[in-house]
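Visitor: dropping the sequence and predicted coords here.
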Amino acid sequence: MAVALMESRSFKKLYEFTDCESGECRINVLPFLYEISRILTESESLPGSLGVLLTLMRERMRILRGMVTLHDRETGSIFIHESFGLTEEQRALGLYSPGEGIVGRVVQGGEAIVVPRLGDEPAFLNRTQSRPAASDMELSFLCVPIRHGRRVLGTISAERAYANRRLLQQDAELLATIAAMIAPAVELYMLENIDKVRLEAENQRLHSALKAKYRPSNIIGASKTMQEVFALIQKVAKTKATVLVLGESGVGKELIANAIHYESPWSNGPFIKFNCASLPETIVESELFGHEKGAFTGAQAQRKGRFELADGGTVFLDEVGELTLAVQAKLLRVLQEKTFERVGGSKPVKVDLRVIAATNRDLRAMVAAGTFREDLYYRLNVFPMTIPPLRDRGSDVVTLADHFAAQFSREAGKPVKRISTPALTMLMSYHWPGNVRELENVIERAVILSDDEVIHGYDLPPSLQTSVETGTSFGCGLEAKLQAVEYEMIVEALKTHTGNMTEAAKELNLTRRMLGLRMEKYGISYKSFRKG
């Protein structure tokens, strides 16, 4: 468990214990502190000083991972300012609030915390996700506040294995001394760069949120077809190859494009989206390539297009099959030469970006019909990815339905905890022409209609309750609705009591014979609900 470090201990204690038997000593701590003092005096910038400081921690103290966080008191955000042993992605995830996790507790309380073994500390969040191995939880974690007066400006954290508890305590006191030394420089930096600090914290927060939202592990799907899609994302994301995402409307093509971008080495660059079917041809060209001042009536200033805005990142062209032949010709040039001219201009604009296109149309058939350029088709079709329709994803329907139910119940403030068995049967039996988008809308409607903590079959739209769609005999009239409710109550009671008809009949306030007759009416067998 965490142990609070009392900073009132005498500086003299830094010398009292050493661990020279294991090859590590803190006898020469004064030269180490002198070197840090010299760096702070000579360096012109705090980031430069911290970079050298962290290097000394890694080389002299044998720290495995180290980081310096700053606390923006205006927003309450605590973010990683400098670090080693963490990737850029992991750094972006390192965001805390006062009191949250060990770092947040140190900022809130102003006292250092030493965790001898991470695996024993429930407050440790692993927010940066930098400790995938079980052995990482055997490491010790030290976190000390950077405090100037009564203000906590941030923290210094260190992580490594300690065989000797005395050395662990010594290093905690050494870090506390270093934090006291750099505190004035940190406060000055934050005063001079308060806007920059706030923007840095906000940028890290947004970048972290985007990566978490669009990384493949957060695209829901355990079916074999979706696992194959995830594998393709991992492979193509590392390259700058043009990707063509194919699939029916509503399957989540934009979500796949987001995942490819945020899994790539260029994830820090812009991700610019454009729907090629949303605007007429005259405006589409200006939107994609930009225009010069005076290029047409109303063009009062130069304007950058989507390709120019996406320079250094990714441009996503949704519904690319809707582009006219004239715009297709310009798009082909961008793919071939990575250059274009703005509308009304003659100066070539060069860009470095990845193009991801998507369509629900059959581009091969369009090429044969002469409505889509063949050369552009082959340029776009470098790495095609077909996203399977929802009806081919098996149990993903249930997984997605549970996810949407939890999401919409939170948003609506309703305690909807589960989807009933009959309702799940209806969801699994439906052919989902609108794919994931339709399922999302269906569950949102069901959450609104739900009167208890369960989504029932009668909360689903009539299209899911017909015999044609679901295999049941229920229609859409009043009598059919009553039968659907009766059927569902019987199924739920049998499920609760694992097929025990006597107990199910008691719950439904029926005799066992009456329950048997109604089960026979709906073709329900108690054996289906027995375990084992």
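Guide: Here it is on my side, so go on.
Visitor: what's the weakest-modelled helix or strand in this structure?
Guide: Taking mean pLDDT, DSSP states H and E as the measure, helix 467-470 is the helix or strand of the chain with the lowest mean score, a mean of 39.
Visitor: could you identify the helix or strand that succeeds it?
Guide: In the C-terminal direction, the helix or strand that comes right after helix 467-470 (DSSP states H and E) is helix 478-496.
Visitor: that following helix: which residues count as buried?
Guide: For helix 478-496, burial by neighbour count (16 or more other C-beta atoms under 10 Å) applies to 480-481, 483-484, 487-494. Where you see a C-beta, it was placed from the backbone N, CA and C, and this is true even at glycine.
Visitor: can I get the residues you listed in a markdown table with pLDDT and distance to residue 503?
Guide: Listed next are the buried residues of helix 478-496 as a markdown table, based on pLDDT from 0 to 100; distance: C-beta to C-beta, whole Å:
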| residue | pLDDT | distance to residue 503 |
| --- | --- | --- |
| 480 | 64 | 28 |
| 481 | 63 | 27 |
| 483 | 73 | 23 |
| 484 | 71 | 23 |
| 487 | 78 | 19 |
| 488 | 75 | 18 |
| 489 | 81 | 14 |
| 490 | 85 | 13 |
| 491 | 80 | 14 |
| 492 | 78 | 13 |
| 493 | 81 | 8 |
| 494 | 84 | 9 |
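Visitor: residue 502: neighbour count?
Guide: Neighbour count of residue 502, defined by other C-beta atoms under 10 Å: 10.
Visitor: quick check: phi and psi at it.
Guide: For residue 502, the backbone dihedrals (degrees, to the nearest 10) come out as phi -60, psi -50.
Visitor: return the residues in contact with it.
Guide: For residue 502, the contacting residues are residue 512, by C-beta atoms under 8 Å, 6 or more residues apart in numbering.
Visitor: and for the one 10 residues further on?
Guide: Residue 512 makes contact with 501-502, 505 under the criterion C-beta under 8 Å, 6+ apart.
Visitor: one more: residue 372?
Guide: With contacts defined as C-beta under 8 Å, 6+ apart, the neighbours of residue 372 are 321, 328, 363, 366.
Visitor: again, only using 10 Å
Guide: For residue 372, the contacting residues are 320-323, 325, 328, 359, 361-366, 380, by C-beta atoms under 10 Å, 6 or more residues apart in numbering.
Visitor: tell me which of those residues fall in helices.
Guide: Taking DSSP state H, the ones among the contacts of residue 372 that sit in helices are 325, 328, 363-366, 380.
Visitor: what about these, which one has the most neighbours?
Guide: Of those, with other C-beta under 10 Å as the count, residue 380 tops at 27 neighbours.
Visitor: for stretch 120-134, which outside residues touch it?
Guide: Contacts made with stretch 120-134 from outside it, assessed by C-beta under 10 Å, 6+ apart, are listed as 1-2, 65, 67, 80, 83, 85-87, 89-96, 99-105, 113, 115, 117-119, 136-141, 159, 208, 212.
Visitor: now do that stretch, average pLDDT.
Guide: pLDDT averaged over stretch 120-134 equals 74, rounded to a whole number.
Visitor: quick check: domain ranges of the chain?
Guide: In terms of domains, the chain is parsed into 3-207, 215-386, 393-529 (source: automatic domain parsing).
Visitor: which one of the ones you listed has the poorest average confidence?
Guide: For the domains of the chain, the weakest mean pLDDT is recorded on domain 3-207, namely a mean of 78.
Visitor: and that domain, how far out from the chain middle?
Guide: Between the centre of domain 3-207 and the centre of its chain there are 26 Å (C-alpha atoms, centre = their mean, to the nearest Å).
Visitor: ok, what's across the strand from the residue nearest to residue 236 when sequence neighbours are not counted?
Guide: Of all residues beyond its chain neighbours, the one nearest residue 236 is residue 383 (5.2 Å), with distances taken as C-beta to C-beta, 6 or more residues apart in numbering. As for beta bridges, residue 383 partners with residue 243 under DSSP bridges.
Visitor: which helices and strands does the strand or helix carrying residue 31 pack with?
Guide: Secondary structure here is read from DSSP H and E; on that basis residue 31 sits in helix 29-42. With contacts defined as 3 or more C-beta pairs under 10 Å, 6 or more residues apart in numbering; DSSP states H and E, the secondary structure elements packing on helix 29-42 are helix 13-16, helix 46-60, helix 165-192.
Visitor: in the longest one, which residues are buried?
Guide: Going back to what we said before, that points to helix 165-192. 167-183, 185-187, 189-190.
Visitor: what do you get for the second one?
Guide: For helix 46-60, the neighbour count (16+ other C-beta under 10 Å) marks 46, 49-54, 56-58, 60 as buried.
Visitor: next, the angle from it to helix 29-42.
Guide: Helix 46-60 and helix 29-42 meet at an angle of 160 degrees, taking axes from the mean of the first three to the mean of the last three C-alpha atoms, to 10 degrees as the criterion.
Visitor: could you look up the SS state of the closest residue to residue 334 other than its chain neighbours?
Guide: Among residues not flanking residue 334 along the chain, residue 340 sits closest, at 5.2 Å (C-beta to C-beta, 6+ apart). For residue 340, the reduced secondary structure class is strand; criterion used: DSSP: H, G, I helix; E, B strand; the rest coil.
Visitor: who's in contact with residue 340?
Guide: When the contact criterion is C-beta under 10 Å, 6+ apart, the partners of residue 340 are 288-290, 305, 307-308, 330-331, 333-334, 348-351.
Visitor: tell me who's in contact with the residue nearest to residue 236.
Guide: For residue 383, the residues meeting the contact criterion (C-beta under 10 Å, 6+ apart) are 232, 235-236, 239, 241-245, 260, 356.
Visitor: what about residue 508, neighbour count?
Guide: Considering only other C-beta under 10 Å, residue 508 is surrounded by 17 other residues.
Visitor: ugh, typo on my part, it should be residue 454
Guide: Counted with other C-beta under 10 Å, the burial measure for residue 454 works out to 16 neighbours.
Visitor: who does it form a beta bridge with?
Guide: Bridge pairing for residue 454 - DSSP bridges - gives residue 418.
Visitor: right, and it touches residue 414 too?
Guide: No: applying C-beta atoms under 10 Å, one finds residue 454 not in contact with residue 414, separated by 11.1 Å.
Visitor: can you list residues touching both of these two?
Guide: Among the neighbours of residue 454, those also in contact with residue 414 (C-beta under 10 Å, 6+ apart) are residue 405.
Visitor: among the ones in helices among the contacts of residue 372, which one sits closest to residue 514?
Guide: When these are compared for distance to residue 514, the smallest value, 59.0 Å, is given by residue 365; criterion: C-beta to C-beta.
Visitor: any idea how far the closest one lies from residue 371?
Guide: Here the criterion is C-beta to C-beta, to the nearest Å. By it, residue 365 lies 9 Å from residue 371.
Visitor: and residue 342, by the same measure?
Guide: Residue 342 sits 27 Å away from residue 371, taking C-beta to C-beta as the criterion.
Visitor: the stretch 151-300 of the chain: strands as residue ranges?
Guide: Secondary structure of the stretch 151-300 of the chain (DSSP state E, counting those that start in this stretch): strands at 151-160, 243-246, 271-275.
Visitor: state the distance from residue 443 to residue 484.
Guide: On the measure of C-beta to C-beta, residue 443 and residue 484 end up 18 Å apart.
Visitor: whoops, residue 245 was the one
Guide: Taken as C-beta to C-beta, the span from residue 245 to residue 484 is 39 Å.
Visitor: one step back: and which of the contacts of residue 372 is nearest residue 163?
Guide: Distance to residue 163, by C-beta to C-beta, is smallest for residue 380 among these, at 58.3 Å.
Visitor: next up, the contacts around the closest residue in space to residue 320 that isn't next to it in sequence.
Guide: With sequence-adjacent residues excluded and distances taken as C-beta to C-beta, 6+ apart, residue 320 is closest to residue 357, at 4.1 Å. Each residue near residue 357 by C-beta under 10 Å, 6+ apart is listed here: 242-246, 253, 257, 276, 315-321, 323, 331, 335, 363, 376, 379-381, 384.
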